[in-house]
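1. Any chance you can model this:
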Amino acid sequence: MTDLCNLLEKSKKIAVVGISRNNGRTSRSIADFLVMRGYEVVGVNPGMPKIPGIPVYKSLKDIPFKIDIVDVFRKSEDIPELIPDVLEVNPNCFWLQLGIQNNKAVKPLIENGIIVVQNKCIKIEYLHCY
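-> Residues are numbered from 1 along each chain as shown. Next comes the predicted model:
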């Protein structure tokens, strides 16, 4: 089993940053996929009300429990603004979806022992594992 498979097996709570209310958008379909696979999924989107079956918070810091994976659907250039909150909530993993990468921004996370996955789809990786 790969390290990503072990990570996905051990993780239970996932925050989807940039979740969309539109279930046709990738962020939403992957959040729904993760819920169907038994993960406790919450969304993070400051301008969005609740989604049926997925609580949505304005920021990572508003989530009232420990998150295992922060799964990000934002542009690569937006990643630096997320780093302070990620350091504060201290998840096990900071996951940047396919097409998203920012080596400079994630450096403090790596230095603080947070696993960083970049430019990979969590759904594709899950399907490779199971």
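
2. Check the model's average confidence along the helix ranked longest in the chain for me.
-> Using DSSP state H to define each element, the chain has its longest helix at helix 26-36. For helix 26-36, mean pLDDT is 96.

3. From here on, call the first residue 274.
-> From this message on, residue numbering opens at 274, which makes the last subject helix 299-309.

4. Does that helix pack against any helices or strands, and if so which?
-> The helices and strands touching helix 299-309, judged by 3 or more Cβ pairs under 8 Å, 6 or more residues apart in numbering; DSSP states H and E, are strand 286-290, strand 313-317, helix 395-402. (Each C-beta comes from the backbone N, C-alpha and C, glycine too.)

5. Out of those, which gets nearest to I352?
-> strand 286-290 (9.9 Å; Cβ to Cβ).

6. Direction included, what does the closest one pair against?
-> Strand 286-290 sits in its sheet next to strand 313-317 (parallel), strand 342-345 (parallel), going by DSSP bridges.

7. And the next helix or strand past the longest one?
-> What it means is strand 313-317. As assigned by DSSP states H and E, the chain's next helix or strand after strand 313-317 is strand 329-330.

8. From the chain's centre, how far out is that next one? Work that out for me.
-> Taking Cα atoms, centre = their mean, to the nearest Å, one finds the center of strand 329-330 at 13 Å from the center of the full chain.

9. Next: stretch 347-354.
-> Computed by Cα atoms, centre = their mean, the separation of stretch 347-354 from the middle of its chain amounts to 13 Å.
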